[in-house]
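Undergrad: What would the 3D arrangement of this be:
(chains A, B and C)
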Amino acid sequence: MESVILLLELVGTLAFSISGALTGLRKNMDIFGVCILGLTTAVGGGVIRDLILGSTPPATFQNPIYAAVAVAAALVLFLPQVRHLLMWDQALFDRSLFWMDTAGLGIFTVMGIRAAFGQLVQPGLFLLVFVGVVTGAGGGVLRDVLAGDTPYIFVKHVYASASLAGALVCALMWRTVGEIPAMLTGVGTVALIRCLSAHYHWNLPHAHD
Amino acid sequence: MESVILLLELVGTLAFSISGALTGLRKNMDIFGVCILGLTTAVGGGVIRDLILGSTPPATFQNPIYAAVAVAAALVLFLPQVRHLLMWDQALFDRSLFWMDTAGLGIFTVMGIRAAFGQLVQPGLFLLVFVGVVTGAGGGVLRDVLAGDTPYIFVKHVYASASLAGALVCALMWRTVGEIPAMLTGVGTVALIRCLSAHYHWNLPHAHD
Amino acid sequence: MESVILLLELVGTLAFSISGALTGLRKNMDIFGVCILGLTTAVGGGVIRDLILGSTPPATFQNPIYAAVAVAAALVLFLPQVRHLLMWDQALFDRSLFWMDTAGLGIFTVMGIRAAFGQLVQPGLFLLVFVGVVTGAGGGVLRDVLAGDTPYIFVKHVYASASLAGALVCALMWRTVGEIPAMLTGVGTVALIRCLSAHYHWNLPHAHD
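TA: Next up is the predicted model:
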């Protein structure tokens, strides 16, 4: 049970670190910048969450395995051979990245809700959902602000809204069906929405004058 | 008394959410981005303040009415009919926005000082003023950083300095004249400085070589 | 002993405030913006550190001397006469700035580690190093994000990595050789690496395809 959660968190960490490191490589950063950006993307959401919950120092500093995985992933991506190998089939690479990123978003969202239940006595629904979305999408916002890009969540349609839907489902089901089913349904909701939106090219409405 | 404060806070929330949502609309964000930017602008200053004061989880997550008002305002602004109606008289709209923004700045500044007095035993003057300015101007800084603009407080002359003056007046008067008169004088100071600076086109000095 | 630490901290504050104020002047900000940017650069790293350590309100708000020094430095730099005088010999000015910035980076890095030892019962190595780097390099990241620049640590090679090496040395030596020797060695490590990298034009590797 604990080891399932550890495994899920490591997958999410890996996915987010890769997305951060790829951003750093695209911006032609040096090896230190690529590692910092990978690390920030992977652990940033959890750090903001722990600051909001008042659980200091943040969990990520107590157990360095997540940071170690994030930095290792960024370092490996720095090798041109690895990048060539990974991107040998660009379509496959993009699809893998999409799935890992979706997994990371879903996993971190429900982990945020789990942390709020663990830290607070009687967390309200709004707090739970907000903390879930911050944990899921916060690392990516930090990555984009540091890299000088417009945050992904404002540009990539149906990203943070998938996290929001998953957080809502997970938080609402928590007390009725128990922790694990609620978390799995939350991750499933995020994955389903991301999938459908990618397949049908869903877009959220823009304003028109 | 409590209901006066609630009303003032709701006016400030509304004003700041509108300024965030208009920024998102100007950047052609989708409906989710517009709501997020409205929400962040409205509650961001208070969240930073609560993190600094160590009052976690931040008040805004315990009572979702502020977030609800902020998101509702952003959603309403998303409707083209509403924007057409509001901007039918552009000069009137700009003037209303100026006044609501000024009200928000003043109200949030003194609310920050109130929160510091409520949370700490013996807050020093520097902490009080700093917390007031962060609460007043912090949401706007987050809005601009997320939207990729240079923060307003570095560009818009006499904005954060009005908040600083109001915070100083309010903090200095607090123990002598009591909470409510100090807060009203603080809001009045902010409004007066903003007004005079707009009317006389005050500018703070720039460096020349 | 306490007064040595105070003096070191004031040197670091001065150096970082100058770097923030010069950024603001370069961006043609008004006097308020220049002061805010100087202040943020000087105290920002320490504030993030204290939030991570859960030591609220952050130390900088309890003792305003650091903020006062930072704002005074920014105000003085605002005077064209002072800038002309300081930059009369541009090479000398650049060299002084390099040394003050290096001193600030080293001093703030080891001060971060000292704060972590003071606040936590059994801090791990990873937490110590991370907190050291955040305290040392965090103010500069805030400065660059607020000024709309790509953060210095992603561009300026061997800056945050010098802080990292110094933090590692300081944290590892702390319990064996005592507080003061560990801090001095940490500052020395940062200075040595910055010096060597400037002299030999060290660069961290960039990725090539």
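Undergrad: Going by C-alpha atoms from here, please, whenever you check contacts or count neighbours.
TA: Fine.
Undergrad: contact partners of whichever strand or helix holds A:Phe16?
TA: For A:Phe16, the element it lies in under DSSP states H and E is helix A:2-26. Residues from elsewhere that reach helix A:2-26, judged by C-alpha atoms under 8 Å, 6 or more residues apart in numbering or on different chains: A:33-35, A:37-43, A:66, A:69-71, A:73-74, A:77-78, A:97, A:100-101, A:103-105, A:107-108, A:139-140, A:143, A:147, C:207.
Undergrad: Tell me which helix or strand in chain A has the weakest average pLDDT.
TA: helix A:152-155 (a mean of 75; mean pLDDT, DSSP states H and E).
Undergrad: Only C-alpha atoms, please: export that one in PDB.
TA: Extracted in PDB, the C-alpha atoms of helix A:152-155 (Å, rounded to 0.1, in the frame of the first residue of the first chain):
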ATOM      1  CA  TYR A 152       1.300  26.300 -19.500                       C
ATOM      2  CA  ILE A 153      -2.000  26.300 -17.600                       C
ATOM      3  CA  PHE A 154      -3.000  29.500 -19.300                       C
ATOM      4  CA  VAL A 155      -2.100  28.200 -22.800                       C
END
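Undergrad: Pull out the buried positions in the helix or strand following it.
TA: Counting by DSSP H and E, the next helix or strand C-terminal to helix A:152-155 is helix A:160-177. For helix A:160-177, the neighbour count (16 or more other C-alpha atoms under 10 Å in any protein chain shown) marks A:160-174 as buried.
Undergrad: Check A:Ile180 and give its pLDDT.
TA: We have a pLDDT of 88 for A:Ile180.
Undergrad: For it, pull up the helix or strand it's in.
TA: Using DSSP H and E, the element containing A:Ile180 is helix A:179-199.
Undergrad: what's that helix packed up against?
TA: Counting contacts by 3 or more C-alpha pairs under 8 Å, 6 or more residues apart in numbering or on different chains; DSSP states H and E, helix A:179-199 is packed against helix A:90-119, helix A:160-177.
Undergrad: Could you report the distance from the residue nearest to the spatial centre of chain A to A:Phe16?
TA: Against the mean C-alpha coordinate of chain A, by C-alpha atoms, centre = their mean, the closest residue is A:Leu105 at 3.7 Å. According to C-alpha to C-alpha, to the nearest Å, A:Leu105 stands 8 Å off from A:Phe16.
Undergrad: hmm, back to that, give the next helix or strand downstream of the helix holding A:Phe16.
TA: Per DSSP H and E, the helix or strand that comes after helix A:2-26 is helix A:31-53.
Undergrad: tell me the angle that next one makes with helix A:2-26.
TA: On the basis of axes from the mean of the first three to the mean of the last three C-alpha atoms, to 10 degrees, helix A:31-53 is oriented at 130 degrees to helix A:2-26.
Undergrad: Establish whether helix A:31-53 and chain B are in contact.
TA: Yes: using C-alpha under 8 Å from any C-alpha of the partner chain, helix A:31-53 reaches chain B at A:51-53.
Undergrad: want to throw these into CSV with distance to C:Leu10 and pLDDT?
TA: Formatted as CSV, the residues of helix A:31-53 next to chain B follow (distance: C-alpha to C-alpha, whole Å; pLDDT from 0 to 100):
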residue, distance to C:Leu10, pLDDT
A:Leu51, 28, 92
A:Ile52, 31, 91
A:Leu53, 33, 92
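Undergrad: gap between the residue nearest to the centre of chain A and chain C?
TA: 23 Å (C-alpha to the nearest C-alpha, to the nearest Å).
Undergrad: now do A:Pro64
TA: 7 Å.
Undergrad: near chain C, which residues of chain A?
TA: Counting by C-alpha under 8 Å from any C-alpha, the residues of chain A near chain C are A:25, A:28-33, A:51, A:54-58, A:61-62, A:64, A:78-80, A:145-148.
Undergrad: Just the buried ones from the residues you listed?
TA: Applying 16+ other C-alpha under 10 Å to these flags A:25, A:28-33, A:51, A:54-58, A:61, A:78, A:145-148 as buried.
Undergrad: quick revisit: return the residues in contact with the residue nearest to the centre of chain A.
TA: By C-alpha under 8 Å, 6+ apart, A:Leu105 lies in contact with A:12, A:136-137, A:163, A:190.
Undergrad: Just give me the closest of the residues you listed to B:Trp202.
TA: Proximity of the contacts of A:Leu105 to B:Trp202, judged by C-alpha to C-alpha, is greatest for A:Ala137, which lies at 40.8 Å.
Undergrad: what's the one helix or strand the closest one maps to packed up against?
TA: Here A:Ala137, judged by DSSP H and E, is contained in helix A:125-147. For helix A:125-147, the elements it packs on are helix A:2-26, helix A:31-53, helix A:90-119, helix A:152-155, helix A:160-177, helix B:59-62, judged by 3+ C-alpha pairs under 8 Å, 6+ apart.
Undergrad: Not including adjacent chain positions, what is the nearest residue to A:Leu53?
TA: B:Pro57 (5.0 Å; C-alpha to C-alpha, 6 or more residues apart in numbering or on different chains).
Undergrad: and the closest residue to A:Thr135 other than its chain neighbours, how many neighbours?
TA: Spatially, and ignoring its direct neighbours in sequence, A:Thr135 is nearest to A:Gly45 (4.2 Å; C-alpha to C-alpha, 6+ apart). Other residues near A:Gly45 come to 25 when the count uses other C-alpha atoms under 10 Å in any protein chain shown.
Undergrad: Having no further points to raise, I will conclude here.
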